[in-house]
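Colleague: Show me the folded form of this:
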Amino acid sequence: MSRRAAVLGHPIGHSKSPALHRAAYAKLGLDIEYSAIDVTVERLPAFMAGLQAGDDWCGLSVTMPLKTAMVDEVDEVRGAGAQLGVINTVAFEATGQGVRRIGHNTDVAGIVDAVRNAGVTEQPDSAILGGGGTSAAAIAALRELGSKHVDVFVRDAGRAAEAKAAAAAVGLSIHLRPLAEAAEGIAGLDLVISTLPPRAADGIATQLEQLPDGGRLPGDAKFPGDDKFPGDAWGVLLDVAYDPWPSRIAEAWHSRGGVVVPGLEMLLYQAVEQIRLFSGADVTADVIDVMCDSVGLPRRV
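Modeller: Presented below is the predicted three-dimensional model:
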């Protein structure tokens, strides 16, 4: 019997989730139809109310701007999603009392796996760009990686409630700083996670390009991380935006010799966790390789 799954969001036409999921289900030999559905925050309650148990839904991927609103539409939230109050996954779980909708956050695992694959080790000196819903997952991921403190650069500290709530929930110390200070604040760090929308970090990219060779400020000023990075060594940048790619900030970071991780890497690994939740299948290396093929990422093996 065919089952159904979909990614919800607005806008949704750019999403790579259908390619990733369809490739995986085909490799696994599973009859799961996966589509993309444009749903706004305002329409979400009616959409969820219209889903019927008999429609054979097995899962929903949830993207912006629905990750917080979806919490009110599920029967239970587990794991990191319960801590953060932000979910990107709904699994449909059959019980003796009927089908329950279970919320999860696989973005956290997606970030951790993506940066570990790029060589990030434990307790990185880190920073986050942006204070919205995805920053909550980034904060939880950094806590999982062993970070004790992180600077979060935001345009408006009054709109960083999700970042502050996530930090309190996972026990990570954060310092909210103006986005205008980001270029100087992130240079030379082990790990930077940009959760900003496409092109929103272009101004930071321009400032990075204008820094003197070695990434040092004029005079005797130092960047955070100078004690760990000799000379002009730069760490890893994960830019969760992946369209257009490469982003300006990715190009600027790479020009300094840093390692750039595209948002597609995070999307890949969070999708791996979703596929396990939707299907109960073991997502092995050969499945991950065909998922990589579907979106133009290099194979893992």
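Colleague: how about the nearest residue to the residue nearest to the spatial centre of the chain, chain neighbours excluded?
Modeller: The residue lying closest to the centre of the chain (Cα atoms, centre = their mean) is residue 107, at 4.7 Å. Spatial nearest neighbour of residue 107, chain neighbours left out: residue 137 (3.7 Å); criterion: Cβ to Cβ, 6 or more residues apart in numbering. The way it works is simple: take the backbone N, C-alpha and C, and place the C-beta from them, glycine included.
Colleague: That neighbour - that's part of a helix, no?
Modeller: Yes. Residue 137: assigned to a helix according to DSSP: H, G, I helix; E, B strand; the rest coil.
Colleague: That one and residue 114 touch, don't they?
Modeller: No. Under the criterion of Cβ atoms under 8 Å, residue 137 is not in contact with residue 114, lying 11.5 Å apart.
Colleague: so where do the strands sit in the stretch 101-250 of the chain?
Modeller: 126-129, 149-154, 173-178, 191-194, 236-239 (DSSP state E, counting those that start in this stretch).
Colleague: what about dumping the CA coordinates of the fourth one to PDB?
Modeller: Spelled out, it's strand 191-194. The C-alpha trace of strand 191-194 is given here as PDB (Å, rounded to 0.1, in the frame of the first residue of the first chain):
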ATOM      1  CA  LEU A 191      32.900  27.200  13.600                       C
ATOM      2  CA  VAL A 192      30.400  29.800  12.400                       C
ATOM      3  CA  ILE A 193      26.800  28.900  11.600                       C
ATOM      4  CA  SER A 194      24.900  31.300   9.500                       C
END
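Colleague: if we can go back for a sec, would you mind measuring from the residue nearest to residue 107 to residue 264?
Modeller: 16 Å (Cβ to Cβ, to the nearest Å).
Colleague: Of those two, which one has the most company?
Modeller: residue 137 (31 against 20; other Cβ atoms under 10 Å).
Colleague: residues touching that one, list them.
Modeller: Neighbouring residues of residue 137 by Cβ atoms under 8 Å, 6 or more residues apart in numbering: 80, 84, 86, 88, 105, 107, 108, 110, 111, 166.
Colleague: How much space separates it from residue 203?
Modeller: Where residue 203 is concerned, residue 137 sits at a distance of 24 Å (Cβ to Cβ).
Colleague: Ok, residue 278 next?
Modeller: From residue 278 to residue 203 the distance is 39 Å (Cβ to Cβ).
Colleague: So for these two, which residue has more residues nearby?
Modeller: In terms of neighbours (other Cβ under 10 Å), residue 278 is the more surrounded of residue 278 and residue 203; the figures are 27 against 15.
Colleague: hang on, that one in a helix?
Modeller: Yes. Under three-state DSSP, residue 278 falls within a helix.
Colleague: thought residue 12 was touching residue 40?
Modeller: No. Contact criterion Cβ under 8 Å: residue 12 and residue 40 do not qualify, at 10.3 Å.
Colleague: per-residue pLDDT, residue 224?
Modeller: The model reports residue 224 with a pLDDT of 36.
Colleague: actually residue 33, not the one I wrote
Modeller: So residue 33 comes in at 98 (pLDDT).
Colleague: Let me know the secondary structure of it.
Modeller: Relying on three-state DSSP, one would call residue 33 strand.
Colleague: ok, it to residue 55 distance?
Modeller: Distance from residue 33 to residue 55, by Cβ to Cβ: 11 Å.
Colleague: cool, residue 73 as well?
Modeller: 16 Å.
Colleague: quick one: contacts for residue 81?
Modeller: Residue 81 neighbours (Cβ under 8 Å, 6+ apart): 71, 87, 88, 89, 103, 104, 105.
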